[in-house]
Structure formats: C-alpha cells, structure tokens
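In: Need a 3D model of the following:
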Amino acid sequence: MEKEQVLSNFVYPILTSIIGGLILSYVSLLIPLKSEYEVSYIWLWTRIFLVFVISFTIILFFMTKYRNKTKPIKVIVFDFDGTLTYNNGLRSSWEKIWIHLGYKVQDCQQYLDQFRQGKIDHQEWCDITCRKFKEKNLTRGTLESISKEIQLMDGVKEILYKLKNEDHLKLYIVSGSIIQLIEILFGNNIDDYFDGYKANIMLFHIDNRLAKIEGTKYDFEGKADFIRKIAKKEKLKSPSEILFIGNSDNDEYAYRSGAQTLCFNPKNANFRNKRIWHRHFRADSFFDLYDYIKKKYPFEEE
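Out: Okay, here's the model as predicted:
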C-alpha cells in the first residue's frame, strides 16, 4: 500500500479521532457533576478516560464509514472534447468547424452565451448553427477535414480496450460534440471500446449537404440524466458506482447524478469545488490517467 493510501486510510482518521476525543474530554470537564466540581481525582480521570474512549470510537466509526462509502466503480462515462482528445489550441470541435467555415470564434460564442442566458433552448441553438453552416455549404467532407485537426490522446484506444476487456468495466461517452466526429476518430470498431455514446447528430442529404443538426438531450444538465439512465440500465445499486470523467464547465452538472467525478485536464472548469469535482488530475497521456484511476478507484469488492 502506498504512503498516500496509508495516510488517508489509517493515519488521518486516527489522528482526527484522537484530537476530537481530547477536545470532547476537555469539554466534559466544564460540565460539573451534581453542580459540584469537588470530586475525587480517580472519578475525574475515569470520566475523562471514558469520554475520550467513547468519543474517539464514535468519531473513528463515522470517519471510516464515510471513507468506505466510495463504492467500487463498474462504469466509466467519458466526455469527449478535451477528455479523450487533446485540447490543441483550446478549441472545441464546434469552434473548429466555425473557424474552418470562415467564421470567427465570437460568432460561435454568441449563441452559446444566448443558450446559457436562457434566451434560446438547446435545439434552437442547434437550428441556428445549422443555418449558419448551410450558408457556408458544410458537407460530410467538412467533418472529415475537421477530424484531421482533432487528435485522440496518447494511449486512448489501448487504455479503453484494457478497461473494457481486462478490467471488465462498462464504458460510455456523453458529449456535446458531434456523433460523426467521434465515429470518424474511433473508426468502424468503436463498439470495441464503448457500450454506448451520445452526442449531437448531423443529418445529411443524399448529396452529402447538411440537412439538420439533431441536438442531444444529454449535454449540460442532461449529462446527469444520462448517468442516471446508465445506472438503471446496468442495474447498479447506486450511481456512485459510476465514474464520470470530464474537463469543462458543461460537464459540471454530472455530479447531480450521484456519480463520482474526476476533472481531467481542466478547461473552464471549477475543478477546486469538491462538491462538483471530487478529484482532478492532469496528464499528457491516457496511460498516466489509467495509473491514476487504478490507484484512486477500486474496481470491485475485495
């Protein structure tokens, strides 16, 4: 067992319980017996000892129970942009398309801002985007070109295959990106890595021109809904048996599902907020992420 695990699992709880016991023992001295403080030293020290033992035991019990409530994970749900891919230039897939078509990042951002402000809903946002893309004659070939600007993180396919086939975890993607881009990057054998994936869908005419963008229900607040559905589908005892790994502010709703959350290579994310992100980690490869996951999260009951 590594030093950090020893400190976390044994040393810190015991020290905390000792300090708590001492504090409560001192407090007990402020409570006189029978309105008198003149008692024998034997009874006084007996009382202090009993209060210390009882309080130490209670504190240690609840701390141990709290630490042990982290259930072994059986499912990992990944975001896509910036989680499975490198944040090259800190541009999302959508921003890359807008720029590729000759627009400015600000053109993309203004509709995101309108969505966040509640001026438009998600599908309206997609419809506006679709009209803008049609004006620039976006086709399937455009997505092929964009996919060459997106790079999967080093070790992604190897680690995903290992998690799914050797560690026997269920793996999913829930993303605000585009289904077609995800499929292009993972190829025809995407089912070798994932048990399911959800994102926005671009629909095309027979001549490969863009027809419609079908918005996903599972972005922003919808990510928590997706995780709850997966917990039900996989017949888990609790969503806490799911680990969600994301990187940005649209992923910050995932915690509402009750899943464990890991902010990986944070971008525009309040990763220090422990209520939203239980842990955060930075790395340049999925091999390092795998080592971190194996160290921090049990995969099955021992």
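In: Kindly provide the distance from residue 242 to residue 187.
Out: Residue 242 is 26 Å from residue 187, where distance means C-beta to C-beta, to the nearest Å. Quick note: C-beta positions are derived from backbone N, CA and C, even for glycine.
In: Neighbour count: the two, which is higher?
Out: residue 242 (27 against 10; other C-beta atoms under 10 Å).
In: and that one, what are its phi and psi?
Out: Backbone torsions of residue 242, given as degrees, to the nearest 10, read phi -110, psi 140.
In: got the contact list for it?
Out: Counting by C-beta atoms under 8 Å, 6 or more residues apart in numbering, residue 242 makes contact with 73-77, 227, 230-231, 236, 257, 259-260.
In: Quick check: residue 99 vs residue 149, distance?
Out: 9 Å.
In: And the two? Which one has more around it.
Out: residue 99 (17 against 14).
In: Name the secondary structure element that contains that one.
Out: Per DSSP states H and E, residue 99 falls inside helix 93-100.
In: How far off centre is that helix?
Out: 25 Å (C-alpha atoms, centre = their mean, to the nearest Å).
In: which residues touch that helix?
Out: In contact with helix 93-100 (C-beta under 8 Å, 6+ apart) are residues 80-81, 91, 104-105, 107-108, 129, 132-133, 138, 142-143, 145-146, 149-150, 176-178, 181.
In: and if you look at stretch 137-154?
Out: By C-beta under 8 Å, 6+ apart, the list of residues contacting stretch 137-154 from outside reads 84-86, 88, 93, 96-97, 100-101, 178, 180-181, 184-186, 202, 204, 208-210, 284-287.
In: measure that stretch end to end?
Out: Distance between the boundary residues of stretch 137-154 (C-alpha to C-alpha, to the nearest Å) amounts to 33 Å.
In: now the strands for the protein?
Out: With DSSP state E as the criterion, the chain has strands at 75-78, 170-178, 196-204, 210-214, 242-246, 260-264, 279-281.
In: Name every strand pairing with the fifth one and say which way it goes.
Out: In the sheet containing strand 242-246, the strands it pairs with under DSSP bridges are strand 75-78 (parallel), strand 260-264 (parallel).
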